[in-house]
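Novice: turn this into a structure:
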Amino acid sequence: MIRVAILWHMHQPLYKDPRTQRYELPWTRMHALKDYYGMVRLAEEFPSLHLTFNLVPSLLMQIQDYANGTAVDPFWELARRPAEELDRSEREFVLRYFFQAHPKTMIGRFPRYAELLEKFRQVRWDAGRAARLFTNQELRDLQVLSQLAWFDEYFREEEPARSLIEQGLAYSLEDQAEVCELQTELIQRVIPAYRKARERGQVELSVTPLYHPILPLICDTSVASESRPDVRLPRSAFRQPDDAREQLQRARALYRELFGEDPAGLWPSEGSVSDEVARIASEQGFRWLATDEGVLGRSLGVKFARDEQGEVIEAERLYRPYVFTGTSPSLYVFFRDHNLSDLIGFVYSSMDAEKAAEDFVQRIRSSCRPAVRKGADALVAVILDGENAWEHYEQSGRPFLRALYRRLTSSPDIATCTFSEACGLPASDLSHLVPGSWINANFDVWIGAEEDNRSWDLLAAARRVWQSARDASPGTLTAALELSREALLAAEGSDWNWWYGPEHQTENLSEFDSLYRGHLSMVYTALGQAPPASLLVPIFRLRHAAAFQPATKWIQPHIDGRVSSYFEWMGAAEYHVDRRTSTMSGKEFTIAALLAGYNGTDLFLRLDYHRPLSELTAEIKIDFNTGAAALSIHLLHGQLQNWQWTHGGETRHPDGVIVAAGKILEAQLPRALLSAALPNAPVTVSATVYVGSLPIQVVPAEGALTLELSSEQTLQEV
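Specialist: Next comes the predicted model:
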């Protein structure tokens, strides 16, 4: 029998600024509308399905604030305010931030929203210029639709949301007020939905430490060097195992308050574990914790490779529970299948829902086959972010999840279980956990880079100040010490260092940086001390995010698979992939850039790579106007095998098309071929990389590169 234990991890950073008590970013509210309710409600449709949901305590605190009507964020305030009353800076704010949604799967579901996005694109994302061009009615429609786009699929079916969505445009002040007021009522359903699912016995709820810290680093930052010996550690060592204990104690207390009992399970923040963390977790009353297969591989000295049939080498060692021998009582440890988890997170969003679900179930069987052949039961742990992935799926991933759950609950050789249920399965002993996280079995995301280490040094300094004040006031904590302590624990959260360093990027980086320094400042302010001047200086360094660059002139490159001259592509439209932009980590990147340009007779395409082309065996499908026509290119170890043009269900090899693969991939298509297939300009271009029939990357991830096919004179005048 194959048992599948799925854990959906629900988490957002603490967005409340301790200095103002305002929520600086809206993402807890938005995901409470879009994912938290619907993900657990969906389980009701499959009574035999068993799942685990991990709820971060600081997330639950924020949901409570919104449900109680005590949370305020500037995005919500400006969504409520009549467009006629917005001043110039507020109009620019709305235009700059109210398009922060997936262009295809979220904005594209609303024709008016897509129309407004196109208008913003035409002014090249210039919020100042757009503020002068957008009418009050257009702004109000944007205010309303930017909220409705985040409504859960279940909420969309209810009144008044259904009527507001069907209306589509020309919203009134009354409509605007209604969609904003409705949000509190909908958010109030979230926590009761989890309580109900847990009481049914269908869902287990686990937790992380209170503010989502990286526990091994809180216990001792030097453990980072065991998994990465060459890591550069902060100047000030941070060793606070008692803080780790308090983060867990407070997490359990909040869970007990909301759900009436203690949690059995712990998903340590980012799957980060060490021997000390395991001992503390057991001491605090947890029965199990989970992390990634990479940690198990390092701890056992094995590599869980997959062969060409998808079978996992050492499958019988991966697909089973472990008991950590260094604790009493026993602590069960589970290890997620990294490959299967990442398929849901990063790949299946680009596939048909039914085909993706079938592929997943078949891969479960293939992965476990070596263990099953030996007569052993297999436990497959699938653990991933339960919210951010669904922005990339059609209908918030509901078609895929229904198809997946239906197969899992109807397959005679597969049964779903919670992690507590899996604790009853035969387990192996494990005496040592090599410190690491679910990302590369190390802590590189949170420590080692210059920005990361500076944040740790500032945290260590604030911790010393708090300890000095505590030592000077023995006994019960004063109100000032409690407030300072709360700010310190919040600053220990992992989310700040997620965005520091080279790994990730976000449009809201300055807000994250300000929030982190705000928590540290409050440590001092609450104690009646002035924060050091160092907390006034941003930690992050300015960096460039991925961006579209429009075409600026006609081009005539030589199509030979290499950059013959720097100047031959100058003037083409460009999209450069930024691998740091995701809130999730682990996605594979093959394409580094997409360039597209044209002249009076031809259109030209170019793909640059993150890795040498000689390693790539894949199909690259270049879609025009959202799949109205496509150029498919097949590569074997980087060598061009063949290509084909598809339009109207017909595949052929038309004259005038040239494709070349070398250090880069280049293609030339006659404009006459495009105009026959796509009679109306502009032309949009996107590229998808398929490896083994799975789409592993779409470029641009945000939509498509647009070519206006303007005259040479028009481009010169822009």
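
Novice: the helix or strand residue 622 falls within pairs with which strands, and in what direction?
Specialist: For residue 622, the host element (DSSP states H and E) is strand 618-624. Note on strand 618-624: by DSSP bridges, its sheet partners are strand 629-636 (antiparallel), strand 683-691 (antiparallel).

Novice: off-centre distance for the shortest one?
Specialist: Strand 629-636 has its average C-alpha position 29 Å from the chain's average C-alpha position, going by CA atoms, centre = their mean, to the nearest Å.

Novice: picking up where we left off before, could you dump the strand holding residue 622 to CSV, C-alpha only?
Specialist: Once non-C-alpha atoms are left out, strand 618-624 reads as follows in CSV (Å, rounded to 0.1, in the frame of the first residue of the first chain):
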residue,chain,number,x,y,z
ALA,A,618,13.7,19.8,-24.7
GLU,A,619,10.9,21.1,-26.8
ILE,A,620,10.6,24.9,-26.8
LYS,A,621,7.2,26.1,-27.9
ILE,A,622,6.9,29.8,-28.9
ASP,A,623,3.3,30.9,-28.7
PHE,A,624,1.9,33.9,-30.6
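
Novice: what lies in contact with it?
Specialist: 590, 605, 607, 629-635, 665, 667, 674, 677-678, 683-691, 704 (CB atoms under 8 Å, 6 or more residues apart in numbering). To be clear about C-beta, it is placed using only N, CA and C from the backbone, and glycine gets the same treatment.

Novice: just the buried ones out of those, please.
Specialist: 590, 605, 607, 629-635, 665, 667, 674, 677-678, 683-690, 704 (16 or more other CB atoms under 10 Å).

Novice: in contact with residue 509, which residues?
Specialist: Residue 509 touches 499, 540, counting by CB under 8 Å, 6+ apart.

Novice: same question, the one 10 residues further on
Specialist: By CB under 8 Å, 6+ apart, the residues touching residue 519 are 18, 487-488, 490-491.

Novice: which stretch of helix or strand covers it?
Specialist: With DSSP H and E as criterion, residue 519 is part of helix 509-525.

Novice: and that helix, what's its mean pLDDT?
Specialist: For helix 509-525, mean pLDDT is 92.

Novice: how about stretch 461-477?
Specialist: Here the average pLDDT along stretch 461-477 is 93.

Novice: do the same with stretch 200-214
Specialist: 97.

Novice: break this protein into its domains for me.
Specialist: 450-536, 548-717 (automatic domain parsing).

Novice: those: lowest mean pLDDT?
Specialist: domain 548-717 (a mean of 82).

Novice: about what we covered before: strands paired with the next helix or strand after the helix holding residue 519, and their directions?
Specialist: Next along the chain after helix 509-525, taking DSSP H and E as the criterion, comes strand 548-549. Applying DSSP bridges, strand 548-549 is found paired with strand 573-576 (antiparallel).

Novice: what about the residue nearest to residue 492 when sequence neighbours are not counted, distance to residue 449?
Specialist: Leaving out its chain neighbours, the residue that sits closest to residue 492 by CB to CB, 6 or more residues apart in numbering is residue 213, at 4.2 Å. Taking CB to CB, to the nearest Å as the measure, residue 213 falls 18 Å from residue 449.

Novice: so those two - more neighbours on which side?
Specialist: Per other CB atoms under 10 Å, whichever of residue 213 and residue 449 has more neighbours is residue 213, with 28 against 18.

Novice: do a quick rundown of the strands in the stretch 601-718 of the chain.
Specialist: 602-609, 618-624, 629-636, 639-647, 650-652, 658-661, 665-670, 683-691, 694-699, 705-707 (DSSP state E, counting those that start in this stretch).
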